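Peer 1: What follows is a predicted structure for the sequence shown.
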Amino acid sequence: MTAVKRILRYLRGTTHNGLLYKRGGSNNLIGYSDSDCGCDRNDCKSTLGFLFQLGCTAFTWQSKKETSVALSMAEAKFISLA
């Protein structure tokens, strides 16, 4: 419960923050992704993540443990794209 309160206080204190895009700056859309092949020795599940940015500003990202087990690096990357 303490962690939830801390997160809510942070969100309340940063409502004025936003994404910054400079006029005349680069507006290239860039995406990054990565995955591993079952590095967690407890359950052999892959971890995957991605990040997208417009210019120099990241606007979405995620990292998560996959629900299925990949048997190769190629399969782990294929699962991360799905």
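Peer 2: Nice, I can see it.
Peer 1: can you pull the contacts of the spatially most central residue of the chain?
Peer 2: Among the residues of the chain, the one closest to the centroid is residue 62, at 2.1 Å (C-alpha atoms, centre = their mean). With contacts defined as C-beta atoms under 8 Å, 6 or more residues apart in numbering, residue 62 is in contact with 49, 50. C-beta: built from backbone N, CA, C; applies to glycine.
Peer 1: Bridge partners for it, pull those for me.
Peer 2: Beta-bridge partners recorded for residue 62 (DSSP bridges): residue 50.
Peer 1: who's sitting farthest from the centroid in this protein?
Peer 2: The chain, farthest from centre, C-alpha atoms, centre = their mean: residue 24 at 27.3 Å.
Peer 1: helix or strand right after the lengthiest helix in the chain?
Peer 2: The residue-count maximum for a helix in the chain (DSSP state H) belongs to helix 2-13. For helix 2-13, the succeeding helix or strand toward the C-terminus, using DSSP states H and E, is strand 29-35.
Peer 1: which other residues reach that following strand?
Peer 2: By C-beta under 8 Å, 6+ apart, strand 29-35 touches 46-54, 66, 70, 73, 76-77, 79-81.
Peer 1: which of the residues in the longest helix of the chain are buried?
Peer 2: Neighbour counts over helix 2-13 (16 or more other C-beta atoms under 10 Å) mark no residue as buried.
Peer 1: same deal with stretch 64-76?
Peer 2: Buried residues in stretch 64-76, counted by 16+ other C-beta under 10 Å: 66, 70, 75, 76.
Peer 1: Just the ones of these in strands?
Peer 2: Assignment to strands by DSSP state E places none of these there.
Peer 1: Can you pick out the most distant pair from these?
Peer 2: 66 and 75 (10.2 Å; C-beta to C-beta).
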